[in-house]
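Novice: Sequence and computational prediction follow.
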Amino acid sequence: MKVHCPETGVEIPPDKINVATDVAISPATGKVHRVSVLRRLEEEREERERSPELLANPPEGAWYRRDPKGTIRIGVRVFSSIGIFLLVFAVFWNIGTLIAIVVPYLDPSSRFTENGDDMRFGIGLSQTLLGLPFLAGSIGLSAAALYLTFGRQEVVIECDKASVFRGVAYWGITRKFDPRQVTGIERRKCKWECNDGPMYKLVIDAGPNDRTLGSGIPDKKLDFLLAALRDALLNDPTTEDVNK
């Protein structure tokens, strides 16, 4: 990747770049810069150049809307093929779990002891207690399957408040932040990989309340999210930094 002097825009030749020591010397100013920083600036410049096209042609399942009141909504649908598999698996898992918990209450053979005492409730209760971990697993599995199939990630921006939502329909997790305090939006690597390749997320730098989103989102949707969020939070005059 070519890198340029951040002050003059002049390209820095290869003989002035030492990747091993993370040093680049600008031929125009003679100043020393970090190669990693210059590369990040190049990536951001290229992303800004692509932003108009990305915003004009959002990928399927992505949106950037502003309602008459000025509220901005930027989001993407979360859909993964593994979500369909988990959804089918969750159905069978839940059926099996319910059968294991309910059947002991209905089984006549376990109702009486040899002395004629009714033990059905005791046996069913013990079976239920043993089934509680499986029931908890069913809830978690069902939630994951629904999110990966029908979920969404959305940023809602108003004049002096904003939030990041992850969930399904109206159920999910909402994290608030102040849009006027946003100083940057970056693409960063996640801790996990997919198909032996890195996965990325977006980090909204909002002072003490950094917010992340985009984990597990396909690259096209992630590119659109990044362009839309930068357009709304960094270019929109209604979200100008209050410290300026």
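Specialist: Yes, it's here.

Novice: Next, the buried residues of stretch 58-72.
Specialist: Within stretch 58-72, the residues that qualify as buried are 58, 59, 61, 62, 64, 72, counting by 16 or more other Cβ atoms under 10 Å. All C-beta spots, glycine's among them, are computed from the backbone N, C-alpha and C.

Novice: which residues of the protein fall in helices?
Specialist: 35-56, 81-106, 120-150, 219-233 (DSSP state H).

Novice: I'd like to know which elements the longest strand anywhere in the chain is packed against.
Specialist: Ordering each strand of the chain by length in residues (DSSP state E) puts strand 184-194 first. Contacts defined by 3 or more Cβ pairs under 8 Å, 6 or more residues apart in numbering; DSSP states H and E place strand 184-194 against strand 197-205, helix 219-233.

Novice: need the buried residues of stretch 58-72 in TSV with pLDDT, can you?
Specialist: What follows is the buried residues of stretch 58-72, written out as TSV (pLDDT from 0 to 100):
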residue	pLDDT
58	88
59	90
61	91
62	93
64	94
72	94
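
Novice: out of the residues you listed, who's nearest residue 100?
Specialist: residue 61 (37.6 Å; Cβ to Cβ).

Novice: picking up where we left off before, ranking the helices and strands packed on strand 184-194 by burial, who's on top?
Specialist: helix 219-233 (a mean of 21; mean count of other Cβ atoms under 10 Å).

Novice: what does the average pLDDT come to for that helix?
Specialist: Helix 219-233 carries an average pLDDT of 90.

Novice: Determine the angle, from 0 to 180 degrees, between that helix and strand 197-205.
Specialist: Interaxial angle, helix 219-233 versus strand 197-205 (axes from the mean of the first three to the mean of the last three Cα atoms, to 10 degrees): 10 degrees.

Novice: Helix or strand with the lowest mean pLDDT in the chain?
Specialist: helix 120-150 (a mean of 74; mean pLDDT, DSSP states H and E).

Novice: Thank you, goodbye.
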